[in-house]
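[1] Sequence and computational prediction follow.
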Amino acid sequence: MLLLLHCPGQILSVDEDTAFSWPECDSCGNNKLIEQGSSLQCPTCDKTVTEPLTRMSLEVYVDCPSLEKSGIVKIKLLQDSIQQLLSNQQADDEGYELQAVLGQELGSVSGFLASISRDPAGESVLMVEEIPQLQDGKTATES
Ligand SMILES: [Zn+2]
């Protein structure tokens, strides 16, 4: 089921259990880099990756008026959206400060309803996975 969510509200909370980041080869996109001392090796390219790309996974609970009658909305965000939310800060050794995304607006998000579960309080949780937006001429592929 495809959904176009318009979430002019705010990000209510971050699921920190699902938040993680990993390095990716800047040449081939391989995400299974091998740590060798302080450097990273890409087994596919057979080279040292000096400037790995940082990929992130993040799930957030949002205030989504169009769906609030159905339950709590949780969105698994795409890389681009995460980067947008985090763009006003630099990663340090501790990683990103996730609390900084709280209260930010998500705007419009395309996604599909992946599942519906119940939280401990018995309220429905709509799990939405974001998909790339095809409008405004951009391609769906990640650069
Ligand atoms: Zn590579």
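    Great, that's in hand.
[2] just so I have it, where are all the strands in the chain?
    Remark: strands assigned in the chain by DSSP state E are 2-14, 20-24, 34-36, 39-42, 47-49, 53-62, 72-77, 105-118, 124-130.
[3] Would you point to the one among those strands that's packed deepest?
    Ranked by mean neighbour count, the strands of the chain are led by strand 72-77 with a mean of 23 (mean count of other Cβ atoms under 10 Å). The C-beta positions use only the backbone N, C-alpha and C, and glycine is treated the same way.
[4] Paired strands for it, with orientation please.
    When pairs are called by DSSP bridges, strand 72-77 turns out to pair with strand 53-62 (antiparallel), strand 124-130 (parallel).
[5] May I see those strands arranged in a markdown table, with mean pLDDT and distance to the ion as well?
    Putting these into a markdown table (pLDDT from 0 to 100; distance: least, Cβ to the ion, whole Å) gives the following:
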| stretch | mean pLDDT | distance to the ion |
| --- | --- | --- |
| strand 53-62 | 90 | 10 |
| strand 124-130 | 92 | 26 |
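[6] where does the chain have low pLDDT?
    Judged against pLDDT under 70, the low-scoring parts of the chain cover residues 1, 88-96, 134-143.
[7] what's residue 69 sitting at in phi/psi?
    Per-residue torsions, residue 69: phi -70, psi -20 (degrees, to the nearest 10).
[8] sorry, that was for residue 43
    Dihedral angles for residue 43 - degrees, to the nearest 10 - are phi -70, psi -30.
[9] Out of the strands of the chain, which gets nearest to residue 97?
    Each of these was scored for nearness to residue 97 using Cβ to Cβ, and the closest is strand 2-14 (10.4 Å).
[10] Can you name the residues of this protein that neighbour the ion?
    The interface of the chain toward the ion, taken as Cβ under 5 Å from the ion, is made up of 25, 27-28, 30, 42, 44-45.
[11] Separate out the buried members of these.
    Judged by neighbour count, with 16 or more other Cβ atoms under 10 Å as the criterion, the buried members of these are 25, 30, 42.
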